[in-house]
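J.: Give me a 3D structure for the following:
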Amino acid sequence: MTTSTPSPETTPEACKPPINPTDNALPSQNARQLLKELQEKFPAFRDCQPLAIGIDKQLMARLPDLQRKPLRIALGIHTHSLRYLKTSEKAAHRVDLDGQPAGDVTPEQRLHAAKLVKERLQKQAEQRKLQRQAEAQARQHAAKLGQLVEKFGRHR
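T.: Just a heads-up that it's a prediction; the model follows:
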């Protein structure tokens, strides 16, 4: 079963007007596109600074056209990114949408971020190791197959 992806001309986003920098609304309700727009609009997102607790409420108040579900997904993508976690493990303060201090990053939160970074890096290293092993096995199989082809090719 295959799924077809709509062409860029037929997507709902293509039918919407482009974002006006002076406009408060962010029309996109696709989570990844929404995150990109948040990063363009707010330096705290672009710089991956630790966000204030309740930043979703600030965003909903400032951008009333946002839908809650795509916003929650976009925030999850952002706050679970490796860059955000690395920043959070070293940061002392959180910031609001305007980049102003909005609370502290607790030692427990920094520790949690550090733990997630370590786990993510270990998982990536493990995946690279498995990939190298699979590639080595494929080379060995190709070499054996080449030897068999050569051996049987001479006997004909």
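J.: Might you list the low-confidence residue ranges for the protein?
T.: 1-29, 154-156 (pLDDT under 70).
J.: how about a cut-off of 50?
T.: The chain contains residues with pLDDT under 50 at 1-28.
J.: any chance you could map the strands in this protein?
T.: Along the chain, the segments classed as strands by DSSP state E run 93-95, 101-104.
J.: gap between the last one and the chain center?
T.: On the basis of CA atoms, centre = their mean, to the nearest Å, strand 101-104 is displaced by 24 Å from the centre of the chain it belongs to.
J.: Can you list the strands that that strand pairs with?
T.: strand 93-95 (antiparallel) (DSSP bridges).
J.: List of residues touching the strand it pairs with?
T.: Contact partners of strand 93-95, identified using CB atoms under 8 Å, 6 or more residues apart in numbering, comprise 44, 49, 50, 51, 52, 53, 101, 102, 103, 104, 105. No exception for glycine: its C-beta is placed from N, CA and C like everyone else's.
J.: Residues in a beta bridge with the nearest residue to the first one once chain neighbours are set aside, which ones?
T.: To tie it back to what came earlier, the one meant is residue 44. Nearest non-adjacent residue to residue 44, counting by CB to CB, 6 or more residues apart in numbering: residue 95, 4.8 Å away. Beta bridges link residue 95 to residue 51, residue 101 when assigned by DSSP bridges.
J.: how about JSON lines for the contacts of strand 93-95, with distance to residue 88 and neighbour count added?
T.: Shown next, in JSON lines, are those (distance: CB to CB, whole Å; neighbours: other CB atoms under 10 Å):
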{"residue": "44", "distance to residue 88": "12", "neighbour count": "22"}
{"residue": "49", "distance to residue 88": "9", "neighbour count": "20"}
{"residue": "50", "distance to residue 88": "5", "neighbour count": "26"}
{"residue": "51", "distance to residue 88": "9", "neighbour count": "24"}
{"residue": "52", "distance to residue 88": "12", "neighbour count": "19"}
{"residue": "53", "distance to residue 88": "12", "neighbour count": "11"}
{"residue": "101", "distance to residue 88": "15", "neighbour count": "11"}
{"residue": "102", "distance to residue 88": "14", "neighbour count": "19"}
{"residue": "103", "distance to residue 88": "13", "neighbour count": "14"}
{"residue": "104", "distance to residue 88": "12", "neighbour count": "13"}
{"residue": "105", "distance to residue 88": "6", "neighbour count": "19"}
